[in-house]
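Asker: Quick one, fold the following:
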Amino acid sequence: MFFNMVGRNSRRDRKENGMFFGSLTAAVVLFYMILSLENQDVMQFLHTMESDAVDRLLGLVSVLYGFSLFLIFFLVYFAGKYQMERRSHEFGLYLMLGMKRSRLFGILMAEDMWNSVLALLAGLPLSVFLSEMISLITSRLVGLGIIGHRSSFSVTAVLWTAAGFFGVKFLAFLILSGKIARQEISVLMEEGQEEKQREEQGRSPVLRFAAGLLLLAAAYGTALSGMAWRDVRTMTVTVIVGTAGTFLLFSGLGKRLEAVMLRKKQKKGLYTFTCRQLQENVFLKHRSMAVSSLLILMALVCFSYGIAMGRAAGREEGHAADFTFTGGEADIRRELAAPELKEMLGGLSEVKAGLLFTEEEPEGTGHRQHTFGMEQLLEAADKLKDSEEKETFKDNLRYFTSPYVISLSGYNEILKMAGKAPIRLSDNETAFYTDADYSDGAYKKVVDEVCRMRPVVTIDGEDHKVTGTLCTENLVADRLITISLGLILPDKVFDRLFAGEEVNVYWNTYVQRELVEEKGLLQAVMQVNSLLKKTDLEYESYLQGIGRQMFYNVASTYVSLYLAAIFLIIGNTVIGVQFLMQQKKCGKRYRMLIMLGSDSGAVCRSLDTQIRWYFALTVLTAVISSIFGIGSLFKGILPTALEGRAGVLFWTALLAAGLLCIVEYVYITIVMRAGRRHILEMVRPAKERT
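Answerer: So this is what the prediction gives:
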């Protein structure tokens, strides 16, 4: 009898509140995926190169886990309160028929734990599958290849997921059951009472609406200007101002919308009833709507930023050399002549770069003083249309007094490695160079426009016309040398300028393409790197740069998407459950409409309208705010290497935010179906009585 009752009630709860059960299952999936992060292939790979940074990220996992439990607790408590209130009449009947409160407590606990076990059993297999798929896809995207994939199942993650999930559920149940135990039977037998709403008159709602707009405008301006990222205090003030603005906006928005709707002259069908319901259940629920809107805002911002970072992870701009060596040519060639290395590596090429000193150097340094003039270059820059890229270029020119000079033959060897055509320069010509990290499409267009003006730079009294386009293939595998703006000169001119002086010489090579196609780029580079470690050569590897960049991208993507999912689940479940709670309390109204002859289909359409308004106001406000939030993130915490592509990534983020609207549509559909089902259940007794 006991177990039959528990099983029957559990099935009914899952059917009537499927959205909440689905949210719990999703929470189980998210818990496992964040707790098993250290077992992911990419994290294992990154730990070999960025161990300290990875350890700090994994240390953050426990913080994210605790923060998620804190949020999920309020979701469980809020939804559990709705379930308890919905069944209060049932509990009163049990007690009237002689059931002891201790036995009722046992039944409710068994129901809650059984549903929790089912959510855990449904979520864990799905989470393991998704974790494996994400690990496999990520490994493939970053170049580790399928052969580098290992199973990422984590028993520890399973145990911590179960412990946290059951702990949150049990704590929320104890608090809710305690409230039920203290209520009298007469109170439990009463049907849900409609809340008394306080309708405010006069100018107060209008003033709050205006104040909300002003506060939001102030927060948006601070965020977009980058001022919010100056220090913790400024960021805290910005968040507080934006949050207060959201609450004030919703507090005054309902009154404005209510006035607009009531002005309508033609009021057919259940229009007046729908307006009344919107007034009480939507427009006057500004606090819960504001909270949900802020949660969805954080979800949109985190999701968009994570997707944009994930998109940036697969780019390899400027990558040509896989290894760069320094030292004597004879020693380098001797070590690379080993049979294993010789089969794996391509030809060795030399690139020279020297700093053109324009100030007198102390005696004994081996450098002589040169002259450098760029008056025409500055004039050409001033003729450009005003833009952010123009200012960046002019800033680079301010520090261009002693430029780096690169040999033409060396740069052409880099182009050859990248499979591109060489550039040609006559003795009186030069070309601009910048590392790929310092350039994007918009910046390159600005510099190319300057090159088309054919300005002249003067070196030691000789004129050299700037020609061609901006060259952006990286000279080395990682960071042996970084140049924000330099010049490429023919070898004859380069040798004359640095005759008798010491210049930087770098020896580049690449992994054979056959090996890359067989094992993937990172697997191939790692294999060669393991052999080079056994030699005495001084070198840097492409692994160092890609490992550092990959860590930033993977860390920001994983954390952002995890937080986005948590915020999205909680925000949508809160507004969905809140609406269904209020609908139950208005059950007498729906029954009265049916008794007066209203069609159940018209009542359901009225409900759909209410739900659309409820979600639309909440989500639309969050979407508008997310545009400024995303812009603020790209302004404040975008990695330096990606700052040049901020514009493209911003539009990618906005597109991702748009895709999230599909999830919102699914939530709206679920709430509509649940609301219709509840209405039909409430009006069925009324139909039978008539």
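Asker: so E343 touches Q512, yeah?
Answerer: Yes: in terms of Cβ atoms under 8 Å, E343 counts as a neighbour of Q512; the distance is 7.4 Å. Every C-beta, even on glycine, is put in place using the N, C-alpha and C of the backbone.
Asker: When these two are compared, which one has more neighbours?
Answerer: More neighbours surround Q512 than the other of E343 and Q512, with 17 against 10 (other Cβ atoms under 10 Å).
Asker: Which pLDDT value goes with the more buried one?
Answerer: On the pLDDT scale, Q512 is placed at 88.
Asker: check which helix or strand covers G123.
Answerer: Per DSSP states H and E: G123 is located in helix 101-142.
Asker: which other helices and strands contact that helix?
Answerer: Secondary-structure packing of helix 101-142 (3 or more Cβ pairs under 8 Å, 6 or more residues apart in numbering; DSSP states H and E): helix 2-16, helix 18-35, helix 41-47, helix 88-96, helix 155-182, helix 542-585.
Asker: what mean pLDDT does that helix have?
Answerer: Across helix 101-142, the average pLDDT comes to 77.
Asker: before we move on, what about stretch 63-81?
Answerer: Over the span of stretch 63-81, the pLDDT mean works out to 80.
Asker: again, but for stretch 420-431
Answerer: Averaging pLDDT along stretch 420-431 gives 92.
Asker: what does that stretch rub up against?
Answerer: Where contact means Cβ atoms under 8 Å, 6 or more residues apart in numbering, the residues beyond stretch 420-431 that reach it are 408, 411-412, 415-416, 451, 457, 462-471, 473, 487-490, 492-493.
Asker: now the helices for the stretch 251-400 of the chain?
Answerer: For the stretch 251-400 of the chain, applying DSSP state H, counting those that start in this stretch gives helices covering 271-278, 286-313, 329-336, 339-344, 375-382, 388-398.
Asker: Format these as JSON lines; extra columns: distance to D55.
Answerer: Formatted as JSON lines, those follow (distance: least, Cβ to Cβ, whole Å):
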{"stretch": "helix 271-278", "distance to D55": "52"}
{"stretch": "helix 286-313", "distance to D55": "21"}
{"stretch": "helix 329-336", "distance to D55": "33"}
{"stretch": "helix 339-344", "distance to D55": "31"}
{"stretch": "helix 375-382", "distance to D55": "45"}
{"stretch": "helix 388-398", "distance to D55": "35"}
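Asker: how does this protein divide into domains?
Answerer: Domain assignment for the chain, taken from automatic domain parsing, gives 1-192, 348-509.
Asker: Between those domains, which one is closest to A674.
Answerer: Among those, domain 1-192 comes nearest to A674, with 6.5 Å by Cβ to Cβ.
Asker: follow-up on the earlier one: quick one: which of the helices and strands packed on helix 101-142 has the weakest pLDDT on average?
Answerer: The minimum mean pLDDT among the helices and strands packed on helix 101-142 belongs to helix 41-47 (a mean of 65).
Asker: what's the angle from the helix or strand that that helix is followed by to helix 101-142?
Answerer: Next helix or strand after helix 41-47 toward the C-terminus (DSSP H and E): helix 51-86. Angle between the axes of helix 51-86 and helix 101-142 is 140 degrees (criterion: axes from the mean of the first three to the mean of the last three Cα atoms, to 10 degrees).
Asker: what about T430, which SS state?
Answerer: Using DSSP: H, G, I helix; E, B strand; the rest coil, the structure places T430 in strand.
Asker: What of D536?
Answerer: The local conformation at D536, judged by three-state DSSP, is coil.
Asker: would you say L248 is within a helix?
Answerer: Yes: L248 sits within a helix when classified using three-state DSSP.
Asker: Next up, the contacts around it.
Answerer: By Cβ under 8 Å, 6+ apart, L248 lies in contact with 208-209, 211-212, 215.
Asker: Read off the pLDDT value for the residue sitting nearest the centre point of the chain.
Answerer: Central residue of the chain (Cα atoms, centre = their mean): G306, 2.3 Å from the mean position. With respect to pLDDT, G306 has a value of 75.
Asker: Quick check: it touching I630?
Answerer: No: with contact defined as Cβ under 8 Å, G306 does not count as touching I630 (11.1 Å).
Asker: picking up where we left off before, can you add mean neighbour count and distance to I668 and give the domains of the chain back as a markdown table?
Answerer: Listed next are the domains of the chain as a markdown table, based on neighbours: other Cβ atoms under 10 Å; distance: least, Cβ to Cβ, whole Å:
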| stretch | mean neighbour count | distance to I668 |
| --- | --- | --- |
| domain 1-192 | 17 | 11 |
| domain 348-509 | 17 | 39 |
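Asker: So which of the ones you listed is nearest I662?
Answerer: Of all the domains of the chain, it is domain 1-192 that lies closest to I662, at 15.6 Å by Cβ to Cβ.
Asker: quick one: that closest one to chain centroid distance?
Answerer: Relative to its parent chain, domain 1-192 has a centroid offset of 23 Å by Cα atoms, centre = their mean, to the nearest Å.
Asker: do stretch 471-491 as well
Answerer: On Cα atoms, centre = their mean, the centre of stretch 471-491 falls 32 Å from that of its chain.
Asker: and if you look at stretch 454-468?
Answerer: 46 Å.
Asker: now the helices and strands packed on helix 101-142 as CSV including distance to H286?
Answerer: Below are those laid out as CSV (distance: least, Cβ to Cβ, whole Å):
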stretch, distance to H286
helix 2-16, 27
helix 18-35, 22
helix 41-47, 43
helix 88-96, 27
helix 155-182, 25
helix 542-585, 12
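Asker: Of the ones you listed, which is nearest V301?
Answerer: Using Cβ to Cβ, the nearest of the helices and strands packed on helix 101-142 to V301 is helix 542-585, at 7.9 Å.
Asker: Averaged pLDDT, the very next helix or strand once past the closest one. What do you get?
Answerer: Sequence order places helix 587-595 as the next helix or strand after helix 542-585, per DSSP H and E. Mean pLDDT, helix 587-595: 77.
Asker: related to what we said a few turns ago, of the helices of the stretch 251-400 of the chain, which is nearest R103?
Answerer: Among those, the nearest to R103 by Cβ to Cβ is helix 286-313 (34.6 Å).
Asker: Next, the angle from that closest one to helix 101-142.
Answerer: In terms of direction (the same axes, to 10 degrees), helix 286-313 departs from helix 101-142 by 30 degrees.
Asker: Report all helices and strands that helix 286-313 contacts.
Answerer: helix 232-262, helix 542-585, helix 600-636, helix 646-659.
Asker: Now that helix: buried residues?
Answerer: Neighbour counts over helix 286-313 (16 or more other Cβ atoms under 10 Å) mark 286, 288-313 as buried.
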